[in-house]
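Participant: sequence below, structure please.
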Amino acid sequence: MNSFIGEYSCKLDAKGRLSVPSALCKQFNPSDLEQFVLNRGLNGCLNLYPMSEWDKEMSKLRGLNRFNAKHLEFIRKFQNGATKVAIDSSGRILLPKHLTEYAGITKEVVLSSAIDLIEIWDKAKYDGLMKSNNDDFARLAEEVMGKLNGE
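Facilitator: Below is the predicted model of the structure:
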């Protein structure tokens, strides 16, 4: 299982290609460097899944009941726009136009580790999301993580 670390500032080239930083590439399992799945994330970002992680997500979706309207809606929305992508010989990934438009990505991008996938953000949107004071983060940490130790 992958567990990514880091935040990387990047730029798209004129053709919509994103150079994947070598420090990030080194964190992928070698077998995962051949193909990825890119799809819409929550909060207006894109999610880049190594194929092994995407396969795990698909296993979870297979467990949903397609005769349940909410399950079916989730499956459709989760897979909406999902696209297979690969890193080219120059270390770049072509971001499809329909996905960059969804995420509002124009030129400056932030790649942010999110445990087992990489979030791809428009830099201005990401900076706005991350601007919160430390008290807000401390309260969030207590609310989310405080109960993990039986509190």
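
Participant: where does pLDDT dip in the protein?
Facilitator: Scanning the chain for pLDDT under 70 picks out 1-2, 133-135, 149-151.

Participant: now do the strands in it.
Facilitator: 7-11, 17-19, 36-40, 46-50, 83-85, 92-94, 108-114, 117-122 (DSSP state E).

Participant: distance to Leu72 and mean neighbour count for the ones you listed - can I get that in TSV?
Facilitator: Yep, even glycine has a C-beta here, placed from its N, CA and C like the rest. Shown next, in TSV, are the strands of the chain (distance: least, CB to CB, whole Å; neighbours: other CB atoms under 10 Å):
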stretch	distance to Leu72	mean neighbour count
strand 7-11	35	14
strand 17-19	32	19
strand 36-40	17	21
strand 46-50	21	24
strand 83-85	21	14
strand 92-94	30	18
strand 108-114	26	19
strand 117-122	23	23
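
Participant: who is the residue nearest the centre of the chain paired with across the strands?
Facilitator: By CA atoms, centre = their mean, the chain has its centre lying nearest to Asn47, at 2.3 Å. Asn47 has these beta-bridge partners by DSSP bridges: Asn39, Glu119.
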